[in-house]
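Undergrad: coords please:
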Amino acid sequence: MTEQERLAQDIRECDDAYTALLGRALVAEPKDYGGLANAIMRRKTEDALAFEAWVKGSAEYAALHPPTPPAPEHVDPSGIPLTQLARIRGSMWTARCNIPFGPRPGKDDNILAMDYYEHYGAGDRSLMLSTYTGLGYTHAVTGPLVDPDGYHGSYPLTPNLPTPAEWDAYLDAMQEWWDAGITPIHFCRPDGWSLEQMAALEPFYLQPRAQKLLRIVVPSGWEPAKYEWSSQTWAEFMKWGRRIFPNALILLHTVPDVDAPVGTDARGDDNGKPNADGWKRVAPHIHGWLVQSSAFAEPDAHGDTNHPEKTNFDNWADLFDSRQEKSYPNRFRNGYAGWPMGSLWGANTSIKIIAAEYGSWWAFWKNRPHSEACAWGDRALSVGADGVLDGCSLSAVIP
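TA: Reported below is the predicted structural model:
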């Protein structure tokens, strides 16, 4: 190869490198680190990788290839105080979003059911998060791990315990909630499971990542019994929850229109005894009660003969009104009728009373508007509820 041929080859190699790295040909100008001669000299004396590194060290290359910003750090909720977690503001099934599944899939008035979030794709998840947080909500319900019904077939079924990969994916979804500013309220017990069966869930829940991400739990799950469980059974479920989740907020959820977690089963018989006795067994093992009501069915009816002047909406609001003698706040905070004033918070601190479920059934099946549920949540907060979980307005203040 002649000197001229070797020079032509060096120029081609320099030119190829510049084209690949800078998107342009090498030119005989000083901006190319001393011009053509300097580039050729480096190419002659350095191997291809060293020459490539030299070009990549230029300001021009840096301008064309800005560094990738570091991925945002995930929220670590493990240190959030229980008092902060307990400021519950959510919409169980009353907010709306145009997403698949549910009672009106693909329509703007479909239910935004966050508890099926993990079954949706990335685009729908993003819409669900932005819609939910845009309404000011900070807490959402999720679980249980086993759901063979999918709420009457409206959502995908999960008939079996998750595989390790499925469990990791579920926890990934919960991390997405935290990163978006949403606190998960995890319902543990699958429908129909006994206390003894709950041991099957422990290998999942005892994992460090689950302990970090599941900071609010409802050990007994969704409205497990009316009077089919004794207060002893309720208490045992709550103690199980505390043992498995020692750093979590422990809540209890009841069926509509009951005043206490009492009943009769093999563990005990509360029949004929004061509700206060049942609460004295259960309250020391919980931080709060998720109260459910059916008054939303006929809000303007006068259904209580003891208060014929009041509507069902009025009577429901009175349950949370600390000024009312028989309200839940007065019973728990002041010990009316012998109800316990202590809780898992401490011997002298009462449980939190959450107006938790009042409009969801009617929003789902009857398409009653989100704004109606918000009016109920706002009223409960205004008179003494410690939080809401079935809708409230953006301006509503959580104590």
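
Undergrad: hey, let's count contacts and neighbours off CA atoms from now on
TA: Noted.

Undergrad: ok, the nearest residue to Gly102 once chain neighbours are set aside - contacts?
TA: Counting by CA to CA, 6 or more residues apart in numbering, Ser154 is the residue found nearest to Gly102 once chain neighbours are left out, at 5.0 Å. By CA atoms under 8 Å, 6 or more residues apart in numbering, the contact set of Ser154 is 101-103.

Undergrad: JSON lines for those residues, including neighbour count, pLDDT and distance to Trp234?
TA: Below are the contacts of Ser154 laid out as JSON lines (neighbours: other CA atoms under 10 Å; pLDDT from 0 to 100; distance: CA to CA, whole Å):
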{"residue": "Phe101", "neighbour count": "19", "pLDDT": "98", "distance to Trp234": "33"}
{"residue": "Gly102", "neighbour count": "22", "pLDDT": "98", "distance to Trp234": "31"}
{"residue": "Pro103", "neighbour count": "18", "pLDDT": "98", "distance to Trp234": "32"}
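
Undergrad: Where do the domain boundaries of the chain fall?
TA: Listed by automatic domain parsing, the domain ranges of the chain are 3-64, 80-388.

Undergrad: any idea which of these scores lowest on pLDDT?
TA: Of all those, domain 3-64 carries the lowest average pLDDT, namely a mean of 72.

Undergrad: secondary structure class for the nearest residue to Ala180 once chain neighbours are set aside?
TA: Counting by CA to CA, 6+ apart, Ala180 lies nearest to Leu129, which is 6.9 Å off, once chain neighbours are set aside. In three-state terms, and counting by DSSP: H, G, I helix; E, B strand; the rest coil, Leu129 is helix.

Undergrad: Phi, psi for the residue lying closest to Gly288 once chain neighbours are set aside please.
TA: Counting by CA to CA, 6+ apart, Gly288 lies nearest to Lys352, which is 4.2 Å off, once chain neighbours are set aside. Comment: the main-chain dihedrals of Lys352 come out as phi -80, psi 140, following degrees, to the nearest 10.

Undergrad: now the strands: where do they sit in the protein?
TA: 139-142, 183-187, 216-218, 249-253, 264-265, 268-269, 288-292, 352-357, 387-388 (DSSP state E).

Undergrad: closest to Ile111 out of those?
TA: strand 139-142 (13.4 Å; CA to CA).

Undergrad: Now do the closest one: everything it contacts.
TA: Counting contacts by CA under 8 Å, 6+ apart, the residues touching strand 139-142 from outside are 88-92, 114-116, 182-187, 389.

Undergrad: Could I get the buried residue list for that strand?
TA: The neighbour-count check on strand 139-142 (16 or more other CA atoms under 10 Å) flags 139-142 as buried.

Undergrad: what's the answer for stretch 104-111, then?
TA: Along stretch 104-111, these residues count as buried under the neighbour rule (16+ other CA under 10 Å): 104, 109-111.

Undergrad: Over to stretch 299-308?
TA: For stretch 299-308, burial by neighbour count (16+ other CA under 10 Å) applies to 299, 302-303.

Undergrad: who's in contact with that stretch?
TA: With CA under 8 Å, 6+ apart as the contact definition, stretch 299-308 has outside contacts at 309-313, 315.

Undergrad: And the furthest pair within those?
TA: Once CA to CA is applied, the contacts of stretch 299-308 give Glu309 and Phe313 as the farthest pair, at 11.6 Å.

Undergrad: So for the two, which residue has more residues nearby?
TA: Neighbours were tallied for Glu309 and for Phe313 using other CA atoms under 10 Å; the higher tally belongs to Phe313 (19 against 11).

Undergrad: Skipping its backbone neighbours, what lies nearest that one in space?
TA: In space, not counting the residues next to it along the chain, Phe313 is nearest to Pro299; the distance is 4.9 Å by CA to CA, 6+ apart.

Undergrad: picking that back up, now, which of the buried residues of stretch 104-111 sits nearest Leu213?
TA: Of all the buried residues of stretch 104-111, Ile111 has the smallest distance to Leu213: 25.0 Å, by CA to CA.

Undergrad: what sits against that closest one?
TA: Residues 93-98, 102-104, 363-364 are the ones in contact with Ile111 under the rule CA under 8 Å, 6+ apart.

Undergrad: 6 Å - rerun?
TA: If you count contacts by CA atoms under 6 Å, 6 or more residues apart in numbering, Ile111 has them with Arg96.

Undergrad: Identify the bridge partners of it.
TA: Ile111 has the following beta-bridge partners by DSSP bridges: Arg96.

Undergrad: that older thread, what's the separation between the residue nearest to Phe313 and Asp172?
TA: 40 Å (CA to CA, to the nearest Å).

Undergrad: count of residues packed around Leu21?
TA: Every residue meeting other CA under 10 Å relative to Leu21 is counted, giving 17.

Undergrad: before we move on, what about Gly23?
TA: Using other CA under 10 Å: Gly23 sits among 12 other residues.

Undergrad: distance of it from Pro66?
TA: 15 Å.

Undergrad: try Val218
TA: Distance from Val218 to Pro66, counting by CA to CA: 47 Å.

Undergrad: Between the two, which is the more surrounded one?
TA: Neighbour tally, Val218 and Pro66, criterion other CA under 10 Å: the higher count belongs to Val218, 28 against 8.

Undergrad: The more buried one pairs with what?
TA: Here Val218 shows beta-bridge partners Phe187, assigned using DSSP bridges.

Undergrad: I'd say it and Ile185 touch.
TA: No: under the criterion of CA atoms under 6 Å, Val218 lies out of contact with Ile185, with a separation of 7.3 Å.

Undergrad: So which other helices or strands are in contact with the biggest helix by length in the chain?
TA: Taking residue count as the measure and DSSP state H as the definition, the longest helix of the chain comes out as helix 3-22. Other helices and strands packing on helix 3-22, by 3 or more CA pairs under 6 Å, 6 or more residues apart in numbering; DSSP states H and E, are absent; none qualifies.

Undergrad: Return the distance of that helix from the chain's centre.
TA: Averaging C-alpha positions (CA atoms, centre = their mean, to the nearest Å) puts helix 3-22 58 Å from its chain's average.

Undergrad: Stretch 145-157 too?
TA: Mean C-alpha position of stretch 145-157 versus that of the full chain (CA atoms, centre = their mean) differs by 18 Å.

Undergrad: For Gly150, find the nearest of the strands of the chain.
TA: Proximity to Gly150, assessed across these by CA to CA, is greatest for strand 139-142 (12.6 Å).
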